[in-house]
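Trainee: 3D, please:
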Amino acid sequence: MTALYIAKDQLKGKKVELSDISIRDGLQSLETIIDTDTKVKYLEGLILAGFKRMEATNYGHPKFVPFFPDATEVLKRLLNSETRAPDGRTIGEMMKRNGGDVELTAVAIHESGAERAFRDFDAGHGPDRILQMTSTCPEHQKANSGKTHDQYFEMTEQTIKAAHSRGMVVNGTVSTIWGSPFEAFNKQYSMAEKLDIAIRFVKRYLDCGADDIELADHDGSVTDYHKSYEFFSRVLDPKEMGTGPDGRDYADPSLYIAHFHTKNMASALRNAAAALKAGIIRFESCLSGIGGQPANTVDGVPIEGREGDYYSDHFNHGLISTEDMVAMFHDLGVDTGIDQDKLLTLGKHFKADVVDTFAANQKKYNRESMPCRSFMITKGKLPESVTRLYAG
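Mentor: Predicted coordinates for the structure are as follows:
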């Protein structure tokens, strides 16, 4: 197969929008509850480094996702923060809700989570955007939401209407695009069939009124970056996507966000480079490359109802590293709006404060942990298998 070469001169000056989701997707993978001060500290640090889109918390049921008991408090603190940026503005003034340009997202997969988000929004301190999620794999869909596909789309269509009536934005995530942790799905469909199914789901979500779509490799299934390029090229093809009932161009790049889980960080970076070449302009990532499936235990105590969940090795399914993706895009001459020096300094502190501290605590009890997987933090450079896609 021919390598997908990426010419720097074709991408130089191109602008992308990056979302950091460390404090939601990242922290839920650690088998402990991180304190509110630490969450706010790193959310603020990311904003000061230039991020305009932040996935700040999760309104999931505390019984099953106990890592975010402070969802409301985190949002309140950001909206009222007096921490100042170099231009003199406070973090609070930078929030979209206060007339700024920083958008706060909270996950609200179920009706109860959406209702909590609406209550907070109506009280003046809710998120600007909520995220709902469906999976192309029926088993994964049922495990995450407890609903069939038809039941979920019926629910999410009503949720979108309720959100829009308030001026809130709704993301519809389409997951398990290239494969699922449930092997029955992988064996039933070829890769070509999986991508066809995913395209249908994207259109269905948009038809329901979703404002944008996260396109997710949920467990590192897309190991061949050519398949990343193929899918994202299709999503941005006007002939394939067409126009929605509301008149929207379903091939508009602003509608889509690339989201890569991975066992292999270099593979995830190649996937992101391929998506960029295909025309994707929105990406999301986690500091240190942590994140993924919510943990099944908290400080060694199993979470009731999550025992034996479908990721037995969730520490191997983190997200693409924020530090590495920004470095790669800057190598390509792409405009991220991110101060790389500030980001790398923040990333080193995050590794020490959060990732290494968690690992040390786990070691005391002979439990596994998720390491920092960022090449830029651990090695100071990107791997050759990534840079040779565009070097020369």
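
Trainee: quick check: pLDDT value at residue 218.
Mentor: Per-residue pLDDT puts residue 218 at 85.

Trainee: now for the nearest residue to it once chain neighbours are set aside, how many residues are close by?
Mentor: Nearest non-adjacent residue to residue 218, counting by C-beta to C-beta, 6 or more residues apart in numbering: residue 175, 4.6 Å away. C-beta here means a position set from N, CA and C on the backbone, and glycine is covered the same way. By the measure other C-beta atoms under 10 Å, the count of residues near residue 175 is 23.

Trainee: same question for residue 297.
Mentor: Other residues lying near residue 297 total 13 when counted by other C-beta under 10 Å.

Trainee: can you check the one 3 residues further on too?
Mentor: By the criterion of other C-beta under 10 Å, residue 300 has 12 neighbours.

Trainee: show me the contacts for it.
Mentor: By C-beta atoms under 8 Å, 6 or more residues apart in numbering, residue 300 lies in contact with 31, 365, 367.

Trainee: and it, how far from residue 290?
Mentor: Here residue 300 is placed at a distance of 19 Å from residue 290 (C-beta to C-beta, to the nearest Å).

Trainee: could you pull out the helices in the stretch 1-150 of the chain for me?
Mentor: Assigned by DSSP state H, counting those that start in this stretch, the helices in the stretch 1-150 of the chain fall at 8-11, 36-48, 71-79, 91-94, 111-122, 138-145, 149-166.

Trainee: go through those helices and name the closest to residue 183.
Mentor: Nearest of the helices of the stretch 1-150 of the chain to residue 183, taken as C-beta to C-beta: helix 138-145 at 9.4 Å.

Trainee: now do the same contact list for residue 294.
Mentor: Counting by C-beta under 8 Å, 6+ apart, residue 294 makes contact with 28-29, 60, 64-65, 67, 306, 314.

Trainee: tell me the SS of it?
Mentor: Following DSSP: H, G, I helix; E, B strand; the rest coil, the label given to residue 294 is coil.

Trainee: where does it land on pLDDT?
Mentor: Listed pLDDT for residue 294 reads 87.

Trainee: just the one 5 residues further on next, same as before
Mentor: We have a pLDDT of 93 for residue 299.

Trainee: report the buried members of the contacts of residue 300.
Mentor: residue 31 (16 or more other C-beta atoms under 10 Å).

Trainee: related to what we said a few turns ago, which of the contacts of residue 294 scores worst on pLDDT?
Mentor: Lowest pLDDT of those: residue 306, 74.

Trainee: doesn't residue 64 make contact with that residue?
Mentor: Yes - counting by C-beta atoms under 8 Å, residue 306 does reach residue 64; the two are 6.0 Å apart.

Trainee: so what's the gap between stretch 180-193 and the chain middle?
Mentor: Averaging C-alpha positions (C-alpha atoms, centre = their mean, to the nearest Å) puts stretch 180-193 23 Å from its chain's average.

Trainee: span of it from start to end?
Mentor: Criterion C-alpha to C-alpha, to the nearest Å; first-to-last residue distance in stretch 180-193 is 13 Å.

Trainee: for stretch 335-354, same thing?
Mentor: Stretch 335-354 has its terminal residues 29 Å apart, counting by C-alpha to C-alpha.

Trainee: any buried residues in it, and which?
Mentor: Within stretch 335-354, the residues that qualify as buried are 336, 338-340, 343-344, 346-348, 350-351, 354, counting by 16+ other C-beta under 10 Å.

Trainee: and what of stretch 184-197?
Mentor: Neighbour counts over stretch 184-197 (16+ other C-beta under 10 Å) mark 185-186, 189, 191, 194-195, 197 as buried.

Trainee: what does that stretch rub up against?
Mentor: Under the contact criterion C-beta under 8 Å, 6+ apart, stretch 184-197 has outside partners 136-140, 176-180, 221, 227, 230-231, 234.

Trainee: ok, so of these, who is nearest residue 99?
Mentor: residue 177 (36.4 Å).

Trainee: burial of the closest one, as a residue count?
Mentor: Counted with other C-beta under 10 Å, residue 177 comes out at 27.

Trainee: for residue 257, see how far away it is.
Mentor: Note on residue 177: its distance to residue 257, by C-beta to C-beta, is 13 Å.

Trainee: tell me the confidence at the nearest residue to residue 241 once chain neighbours are set aside?
Mentor: Once flanking residues are discounted, residue 241 sits nearest to residue 250: 3.7 Å by C-beta to C-beta, 6+ apart. On pLDDT, residue 250 comes in at 98.

Trainee: measure residue 250 to residue 176 for me?
Mentor: Residue 250 is 21 Å from residue 176, where distance means C-beta to C-beta.

Trainee: same check on residue 154?
Mentor: Taken as C-beta to C-beta, the span from residue 154 to residue 176 is 20 Å.

Trainee: quick one, which of those two is more surrounded?
Mentor: Between residue 154 and residue 176, counted using other C-beta under 10 Å, residue 176 has the larger neighbour count: 28 against 13.

Trainee: and the more buried one, what does it touch?
Mentor: Contact analysis of residue 176 by C-beta under 8 Å, 6+ apart lists 135-137, 140, 185, 216, 218-219, 221.

Trainee: among the residues you listed, which lie within strands?
Mentor: Using DSSP state E, the subset of those located in strands is 135, 216.

Trainee: mind putting the contacts of residue 176 into JSON lines with distance to residue 50?
Mentor: Below are the contacts of residue 176 laid out as JSON lines (distance: C-beta to C-beta, whole Å):
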{"residue": "135", "distance to residue 50": "32"}
{"residue": "136", "distance to residue 50": "33"}
{"residue": "137", "distance to residue 50": "35"}
{"residue": "140", "distance to residue 50": "34"}
{"residue": "185", "distance to residue 50": "38"}
{"residue": "216", "distance to residue 50": "24"}
{"residue": "218", "distance to residue 50": "28"}
{"residue": "219", "distance to residue 50": "30"}
{"residue": "221", "distance to residue 50": "31"}
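
Trainee: which two among the contacts of residue 176 are spaced furthest apart?
Mentor: Spatially, the most separated pair among the contacts of residue 176 is 185 and 216, at 14.6 Å (C-beta to C-beta).

Trainee: how confident was the prediction at the nearest residue to residue 102 once chain neighbours are set aside?
Mentor: Using C-beta to C-beta, 6+ apart and skipping residues adjacent in sequence, the residue nearest residue 102 is residue 94, 4.7 Å away. Note for residue 94: predicted pLDDT of 98.
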